[in-house]
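Novice: Quick one, fold the following:
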Amino acid sequence: MDSVAIRLGELTTLRLGGPAAELVTASSEDELIGAVAERDEAGAPVLVLGGGSNLVISDDGFAGRVVRIATTGERVVDRDPDGSEVRIEVAAGEDWDAFVARVVAAGYGGLECLSGIPGQVGATPIQNVGAYGWEISEFLRWVRLYDRRSGRTLTVAPDDLGLTYRSSRLKGTDDAIVLSVCFGLHPDGASQPIRYQELARALGVAIGTRLPCAEVRAAVLELRRSKGMVLDPADHDTWSAGSFFTNPVVSAQQLRELRERIDAVVGPEASVPQYPAESGVKLSAAWLIERAGFAKGHAGPGGRVSLSGKHTLALTNRGAASTEDLLALAREVRDGVDERFGVTLRPEPLLVNCSL
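Specialist: Below is the predicted model of the structure:
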């Protein structure tokens, strides 16, 4: 377990964030638990950091210990007797997309639509990560946690995690740390049924089709690259936290009211992208942002930040930005959509020592 001082922007995909008083890198579960428990017992602040892909850290940084998860390892824990599912446990510190690449190469289908998402495995149940019609909740079998309140290690079922759209009971709290995650995959080499129209078009198939999982992964990666959603150090369009705003979910009544506003703003012929959701209808945040007058590449303060030139949901650091620059652009977009359509966009990344 190593301890150093560092600017946190070096550890986030946005390349933003001020200094940490102390950074500890934990390469084993014992080191991870020990580094956090020591500070908890002292009543001192701790920030647990994974891949840094879903964080916005203030320019002031974090005045406490930052514990970076660097645990590794994965194993097949069991298989269904009929061969329909294999369950794989993965350490929280494993790189997510590298893990997806390995299971796809091994012929295990299920996670291919979640290819190219930056970050670590441990973050996926916290955020209930999803893409192209599928979410982690559909493959999650259990999560091992360190409960910071009791000091115990627990194995928790998905139903106990409160998994919802891009959220869970673990998100935004300091109650527990993910140690490992178990996924249920199918070993037949086939993908999940294609649910997302854009992906179906890219593959040239109908909704509901299953294909070799490697073929679907390749198509997903190509689509994500076209939107600047695959990390590339040389491309500032990828210096982001991915989708900055979640797609808003509205009730049927809210949708009717929104329709009236849309008719007045962009005309009654406009078709609003919408998808079924548990508590209503999910709308496209990107569509709302663009119709509120924010085009791809829209610049924020001094041009130091901007919407991605490839996708309006990504707020990007153009190389010399501050966190406050980014937040100013986020506020401008959020308030513009609210003023135009009466829909409040909410940030997807966790904000550390800062707010909108």
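Novice: max-length strand in the protein?
Specialist: strand 176-185 (DSSP state E).
Novice: Just give me how far that strand sits from the chain centre.
Specialist: Using C-alpha atoms, centre = their mean, to the nearest Å, the mean C-alpha position of strand 176-185 is found 16 Å from that of the whole chain.
Novice: could you say what helices and strands it packs with?
Specialist: Judged by 3 or more C-beta pairs under 8 Å, 6 or more residues apart in numbering; DSSP states H and E, strand 176-185 is in contact with helix 29-42, strand 86-91, helix 123-127, strand 140-147. Quick note: C-beta positions are derived from backbone N, CA and C, even for glycine.
Novice: With distance to Leu351 added, can I get the ones you listed in JSON lines?
Specialist: Output for the helices and strands packed on strand 176-185, formatted as JSON lines (distance: least, C-beta to C-beta, whole Å):
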{"stretch": "helix 29-42", "distance to Leu351": "21"}
{"stretch": "strand 86-91", "distance to Leu351": "27"}
{"stretch": "helix 123-127", "distance to Leu351": "14"}
{"stretch": "strand 140-147", "distance to Leu351": "23"}
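Novice: give me every residue that touches Trp134.
Specialist: When contacts are counted by C-beta atoms under 8 Å, 6 or more residues apart in numbering, Trp134 is found next to 113-114, 192, 195.
Novice: so it bridges to which residues?
Specialist: Counting by DSSP bridges, Trp134 forms beta bridges with Ala131.
Novice: What's the separation between it and Val100?
Specialist: Here the criterion is C-beta to C-beta, to the nearest Å. By it, Trp134 lies 12 Å from Val100.
Novice: Need the residues touching each of those two.
Specialist: The overlap between the contact sets of Trp134 and Val100 (C-beta under 8 Å, 6+ apart) consists of Leu114.
Novice: on that earlier part again, deepest of the helices and strands packed on strand 176-185, which one?
Specialist: Per residue and on average, the most neighbours among the helices and strands packed on strand 176-185 fall to helix 123-127, with a mean of 26 (mean count of other C-beta atoms under 10 Å).
Novice: how distant is it from the center of its chain?
Specialist: Relative to the chain's own centre, helix 123-127 is displaced by 7 Å; criterion: C-alpha atoms, centre = their mean.
Novice: just stretch 220-231 next, same as before
Specialist: Using C-alpha atoms, centre = their mean, the offset of stretch 220-231 from its chain centre is 14 Å.
Novice: ok, which stretches of the chain are helices?
Specialist: Applying DSSP state H to the chain gives helices spanning 29-42, 96-105, 123-127, 197-203, 213-226, 252-266, 285-291, 323-341.
Novice: got the contact list for the third one?
Specialist: It stands for helix 123-127. Here helix 123-127 has contacts from 50-51, 53-54, 96, 114, 129, 136-137, 140, 143, 158, 161, 163, 166-168, 170-171, 178, 181, 348, using C-beta under 8 Å, 6+ apart.
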